[in-house]
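Q: Test case, fold it:
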Amino acid sequence: MIEQLINKLKLLWQDPKFGIHNGEKTIFKLSCEFSQKGTSLPSNFNFPIHKDLVNFWLKAESAKLFYDKEYGQWGLEILSPKDAIRETNEENQLRPKEYLNTDFIIGRFIGDADRLIICCDKQNNFGEIKLALPIDHREDWPTIAPSFADFLVEYAKKDGEKYWEN
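A: Here you go, the predicted model:
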């Protein structure tokens, strides 16, 4: 499923074009860019990762989804495993009371400070996708998808619109 979705996004969104958000054409053109190669998890990787994300990384080490190339004000960057480790460590140091040791940051929204988290607790909500909001407390962070694949499908269906905000 992940590989098919990546291929579809590459085909449909390689060249920048207008998307539809809230029923209206976006004011800027969006595109999807994927790294040329996939990667496996580094040897120092300490998180149990859901197969959806592992499969994504095997096909593309990183990606910019529905990215506004002209102004750089919109889109989602799916981080490489190495960058995800770094980002998770940095955010844990900045906000240790908000992040759990089973939270793993896998993406950054371009143009704002929201972070995409995958839950790595095998006993509780494994693979679930949450949105870490920069000024909100953890209890106010929404769960936006039951899995990474479900998130990608919905995000792609909405041309990169933040569907959880509507």
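Q: so what's the closest residue to residue 101 other than its chain neighbours scoring on pLDDT?
A: Leaving aside its sequence neighbours, residue 101 sits nearest to residue 92 (CB to CB, 6 or more residues apart in numbering; 7.8 Å). (Glycine included, C-beta is placed from N, CA and C.) If you check residue 92, the pLDDT there is 94.
Q: show me what contacts residue 92?
A: 99, 101, 103 (CB atoms under 8 Å, 6 or more residues apart in numbering).
Q: Pull out the buried residues from these.
A: Burial by neighbour count, judged by 16 or more other CB atoms under 10 Å, picks out 99, 103 from the contacts of residue 92.
Q: Which one of the contacts of residue 92 is nearest to residue 126?
A: Nearest to residue 126, judged by CB to CB, of those is residue 103 at 12.2 Å.
Q: my read: that closest one touches residue 117, true?
A: Yes. Residue 103 lies in contact with residue 117 (CB atoms under 8 Å); the separation is 4.9 Å.
Q: Name the residues contacting each of those two.
A: By CB under 8 Å, 6+ apart, the residues touching both residue 103 and residue 117 are 130, 132.
Q: that older thread, mind checking how far the residue nearest to residue 101 is from residue 71?
A: For residue 92, the distance to residue 71 (CB to CB, to the nearest Å) stands at 31 Å.
Q: Contacts only, for residue 128.
A: Contacts of residue 128 (CB under 8 Å, 6+ apart): 118-119, 143, 145-147.
Q: Nothing else from me, thank you.
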